[in-house]
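K.L.:
below are the sequence and a predicted model for it; my questions follow.
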Amino acid sequence: MRLSRHKRLAIVMVMIVATFASASCSDRSTNKATDNFIGDYSYDAPIIAMVYEDLDDEGMGILYREVLDFDKLLEKTDKPILIYMYSSMHPDDTGTTASIEQMAEDYHDVILVISVDLFQASDVADRYEVAAVPEFIIIDSGDEISRFDSVNKQVWYPGEVLDWMVSVIETIE
């Protein structure tokens, strides 16, 4: 039996829609409250959540998702948030971003990492009185708990940020 051109086209369209629908239903490891404030994949949004998710047949890892409502996310998530503030205009932040992404993956079960490009989201810089980048702040239930004050350190390493983050998380738990 030979299908008409229109029927073949209809079958192909149904298959494409089904493929996209199943791809968008990935098992995300964020909580339901967090899901309400995190959008699609994005590497250039001003505020991004580093979310530990299924990488489509490649195992689990970090994917970048746009934060749709920053304030609600800070208030409603069920775990502390590490805000990593940087500037896309500051080229030295690239290595730091890779280290922070690794922290987001290694500690995904106890903290959510949010990156904020202060060049694009200057209102966040003003709110948290950020004097230099990168800057790191831990928020729990909407309140600032601790700050890694990198502006007052002449030299620091990502390992120091990790040690600081872990010690702060231990006081929250």
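P.N.:
Good, I have the coordinates.

K.L.:
from here on, contacts and neighbour counts on C-alpha atoms
P.N.:
OK.

K.L.:
end to end on stretch 97-115, go ahead and measure it.
P.N.:
Its start and end residues considered, stretch 97-115 measures 9 Å (C-alpha to C-alpha, to the nearest Å).

K.L.:
what sits up against that stretch?
P.N.:
47-52, 61-62, 79-86, 158, 162, 169 (C-alpha atoms under 8 Å, 6 or more residues apart in numbering).

K.L.:
got any ranges where the chain has weak pLDDT?
P.N.:
1-33, 91-94 (pLDDT under 70).

K.L.:
so which of the contacts of stretch 97-115 sit within strands?
P.N.:
Using DSSP state E, 47-52, 61-62, 81-86 are the members of the contacts of stretch 97-115 that sit in strands.

K.L.:
of those, which is the nearest to F70?
P.N.:
Closest to F70 out of the ones in strands among the contacts of stretch 97-115 is I47 (7.7 Å), distances taken as C-alpha to C-alpha.

K.L.:
do you have the helices of this structure handy? List them.
P.N.:
5-23, 32-35, 70-76, 93-106, 122-127, 158-172 (DSSP state H).

K.L.:
buried stuff in the fourth one?
P.N.:
Of all the residues in helix 93-106, those buried under the rule 16 or more other C-alpha atoms under 10 Å are D93, T96, T97, S99, I100, E101, M103, A104, E105.
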